[in-house]
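> Give me coordinates for this.
(chains A and B)
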Protein chains: 2
Amino acid sequence: MLIVITYDVSTKDSASRKRLRKVSKLCQDYGIRVQNSVFECFVDSTQLKQLEFKLINLINDETDILRIYRIGDKHKNKVKHIGAKETFDLEDSLFI
Amino acid sequence: MLIVITYDVSTKDSASRKRLRKVSKLCQDYGIRVQNSVFECFVDSTQLKQLEFKLINLINDETDILRIYRIGDKHKNKVKHIGAKETFDLEDSLFI
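Residues are numbered from 1 along each chain as shown, chains lettered A, B, ... in the order given. You can find the predicted model right below:
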């Protein structure tokens, strides 16, 4: 299924910036960055649980915000891109 | 239906920053900001077309990126919040 991860991670100090890099790296392990802090990932339910568990243990739940949207398997007409830079076809680029 | 709008609008000059404010204001007219450049909106298909039309005419399609995700009507188990600040119930707060 396609999921979308969006996050706002604090950048007020070096520990926060380190956390931000880790969240970004973790999301990249599962999918593709489509915007600054927006990732699209193709995962099965086991991978989703795994990813959620890792993210929950990574972020600071007092300062960081993360939202995961389950778009589902039938995603082609559920995602609309407007504007610059759609140079990739998500499914072609994902090798999980 | 619930939709999620994510955007990266260039901020390199005053015209871009003005555009960013307009995109943000337009999204606020239809829904709620849940993160820096992420909005959740409850719209019907007519409102969705209207919003897309306005956004397409607002952004600079060489520098700005916008993605609209259609989550659908049954959204309760499709959105997971992790971390700080979920002080609102989206449907309670929306008066469109």
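> ok, residue A:81 - how many residues close by?
Other residues within reach of residue A:81, judged by other C-beta atoms under 10 Å in any protein chain shown, total 12. Heads up, the C-betas are built off the backbone N, CA and C, glycines and all.
> Spit out the contact partners of residue A:57.
Under the criterion of C-beta atoms under 8 Å, 6 or more residues apart in numbering or on different chains, residue A:57 has no contact partners.
> how about the CA coordinates for the helix or strand hosting residue A:50, as PDB?
Following DSSP states H and E, one finds residue A:50 within helix A:45-58. Only the C-alpha atoms of helix A:45-58 are listed here, as PDB (Å, rounded to 0.1, in the frame of the first residue of the first chain):
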ATOM      1  CA  SER A  45       1.300  -3.900   6.900                       C
ATOM      2  CA  THR A  46       4.300  -5.500   8.600                       C
ATOM      3  CA  GLN A  47       6.600  -2.900   7.200                       C
ATOM      4  CA  LEU A  48       4.200  -0.200   8.200                       C
ATOM      5  CA  LYS A  49       4.200  -1.400  11.800                       C
ATOM      6  CA  GLN A  50       8.000  -1.700  11.800                       C
ATOM      7  CA  LEU A  51       8.300   1.800  10.400                       C
ATOM      8  CA  GLU A  52       5.900   3.300  12.900                       C
ATOM      9  CA  PHE A  53       7.700   1.600  15.800                       C
ATOM     10  CA  LYS A  54      11.000   3.000  14.600                       C
ATOM     11  CA  LEU A  55       9.600   6.500  14.100                       C
ATOM     12  CA  ILE A  56       7.900   6.500  17.500                       C
ATOM     13  CA  ASN A  57      11.200   5.600  19.200                       C
ATOM     14  CA  LEU A  58      13.100   8.200  17.200                       C
END
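> Helix or strand next in line after it, which one?
Read in the C-terminal direction, the helix or strand following helix A:45-58 is strand A:65-72, with elements assigned using DSSP H and E.
> quick one: that next one near chain B?
Yes: Strand A:65-72 reaches chain B (C-beta under 8 Å from any C-beta of the partner chain) through A:65, A:66, A:67, A:68, A:69, A:70, A:71, A:72.
> All set, thanks.
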